[in-house]
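In: Kindly return the folded structure for what I paste below:
(one chain, ligands or ions: 1)
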Amino acid sequence: MKNIAILCSGGDVSGMNAALKRFVDYAFDQGMRPFFVENGYEGLIDNKISAAAYSDVAGIISIGGTKIRTSRSERFKESSYRQIALENLREHGITGLVVLGGDGSFKGMQKLSEECNDIGFIGIPSTIDNDIAGTQYCLGVDTALNAIRVAIDSIRDTASSFGRAFVIEVMGRECGYLALVSALTSGAEMCLIPEVPYNLEVYKEEFLEEKEQGRSYFIAIVSEALKNTEQIVQWFEEEIAIESRMTVLGHIQRGGIPTVHDRLMAFHFVTTAIDALREGIKSTVVCYDDGMFLCKDIKDVAFKKYMIDEDLLALGKEFESPQHKQV
Ligand code: F6P
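Out: Numbers count the residues shown, from 1 in each chain. Okay, here's the model as predicted:
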């Protein structure tokens, strides 16, 4: 019987627990023995590896976060600790490891795979940032977008009641994907992200005209990557002469009940990963590309710069030069 393990690394996402459930169920179904590694690469170094049972995943599908915990490991960057991690996997007879994580986690996985040839490593893109090259979707993104949507819809209620501008900062690290999709789908008046050039003078002209015509409030979505949220609040106060507030959504974007989409994506990602391990694939990342789940070389995923889809950026053009909207 083949022993396979799974761990979560980096920022947690809603949908990881659904992935753990599928991992255990499908591994047994395929005649494999599933193991959990607790606390990411840290747990791999500390030998926190244990056999998983059906009972471990009962009732977790609807819970956000990850039951087996996650971490960002500094020690794992050192070869000596990676050697310990490999020995721990071998001690449990593990011949395949599935890593749920983002770019940094896959770089660590790549190093590990270069240092041994008796264990297979398969990554599953899991980050709310949706910033991994080679895949159009990362686990957790849909739940995060819905958490943001709920927050913006609520803020709109108070913004419109008071006649204020709200500047809402959205996560995404260096990537504006979450901010752009949220701004488009919540009807925000302003969206500032690194990928779309913007001109505050153009916004000013537009907003003053709209105010003149009766617009009483504004919703602005700003990517955390730009690090200028407070300045934009001040800009609204001084240039648009409207009372303004800032809301940093923060870690509420990372939690919550996983959406149906994320549960289903978790199932597909894990199924493809286990199939790849069964077929003996040694080092790869499962990517979602044009409706298909494909195994891609880690080097084409973790070491390439992610670019937001052209079609989405085209929609974002409206924020580059906001057109006058009749109010
Ligand atoms: O990568 C996921 C993410 O949530 C980013 O969007 C954010 O910048 C970062 O992690 C926050 O990290 P931490 O949870 O360590 O504060």
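
In: so how far is Leu184 from the spatially closest residue to Pro322 that is not a sequence neighbour?
Out: Counting by Cβ to Cβ, 6 or more residues apart in numbering, the nearest residue to Pro322 once its immediate chain neighbours are dropped is Glu206, at 4.8 Å. Just so you know, the C-beta spots here come from the backbone N, C-alpha and C atoms, and that holds for glycine as well. Separation of Glu206 from Leu184 (Cβ to Cβ, to the nearest Å) stands at 17 Å.

In: The closest residue in space to Met171 that isn't next to it in sequence and Ile128: what is the separation?
Out: Closest residue to Met171 apart from its sequence neighbours, by Cβ to Cβ, 6+ apart: Gln253 at 5.0 Å. Computed with Cβ to Cβ, the distance linking Gln253 and Ile128 is 6 Å.

In: and what of Asp157?
Out: 24 Å.

In: Among the two, which residue is more densely surrounded?
Out: More crowded of Asp157 and Ile128, by other Cβ atoms under 10 Å: Ile128, with 30 against 9.

In: Buried ones in the helix or strand bottoming out on mean pLDDT in the chain, by neighbour count?
Out: Using mean pLDDT, DSSP states H and E, the weakest-scoring helix or strand in the chain turns out to be helix 310-320, at a mean of 93. Neighbour-count burial for helix 310-320, counted by 16 or more other Cβ atoms under 10 Å, picks out 313, 316, 319.

In: Closest to Ile232 out of those?
Out: Closest approach between those and Ile232, by Cβ to Cβ: Phe319, at 13.0 Å.

In: Setting aside sequence neighbours, what's the nearest residue to that closest one?
Out: Cys191 (4.2 Å).

In: Give me the contacts around the helix or strand harbouring the one you found.
Out: Element membership for Cys191 (DSSP states H and E) is strand 190-192. Strand 190-192 is contacted from outside by 179-180, 183-184, 198, 203, 218-223, 226, 228, 232, 316, 319, 322, using Cβ atoms under 8 Å, 6 or more residues apart in numbering.

In: same thing but at 6 Å, please
Out: Strand 190-192 has contacts (Cβ atoms under 6 Å, 6 or more residues apart in numbering) with 183, 198, 220-222, 226, 319.

In: Same question for stretch 96-116.
Out: The contact list for stretch 96-116 (Cβ under 6 Å, 6+ apart) reads 4-10, 16, 19, 41, 76, 82, 86, 120-124, 126-127, 132, 273, 277, 283, 298, 302.

In: can you give me the strands in the stretch 101-250 of the chain?
Out: Secondary structure of the stretch 101-250 of the chain by DSSP state E, counting those that start in this stretch: the strands cover 120-125, 165-170, 190-192, 218-223, 244-248.

In: who's in contact with Val141?
Out: Residues near Val141 by Cβ under 6 Å, 6+ apart: 128, 130.

In: which SSE is the closest residue in space to Arg263 that isn't next to it in sequence in?
Out: Take Arg263 and drop its neighbours on the chain: the residue closest to it by Cβ to Cβ, 6+ apart is Ala18, 4.3 Å away. Of the helices and strands defined by DSSP H and E, Ala18 is found in helix 16-29.

In: and what of Ile6?
Out: strand 2-8.

In: Might you enumerate the residues of the stretch 201-327 of the chain proximal to the ligand?
Out: Those residues of the stretch 201-327 of the chain that sit near the ligand, judged by Cβ under 6 Å from any ligand atom, are 224, 254.

In: Pull out the buried positions in the longest helix seen in the chain.
Out: Longest helix in the chain, counting residues (DSSP state H): helix 141-162. Neighbour counts over helix 141-162 (16+ other Cβ under 10 Å) mark 141-148, 151-152, 155-156, 159 as buried.

In: hang on, the residue nearest to Met171 is in a strand, isn't it?
Out: No - under DSSP: H, G, I helix; E, B strand; the rest coil, Gln253 falls outside any strand and is assigned helix.

In: For it, which residues are in contact?
Out: So Gln253 contacts 144, 147-148, 171 (Cβ under 6 Å, 6+ apart).

In: Now narrow those residues to whatever sits close to the ligand.
Out: Restricting these to those near the ligand - Cβ under 6 Å from any ligand atom - leaves Met171.
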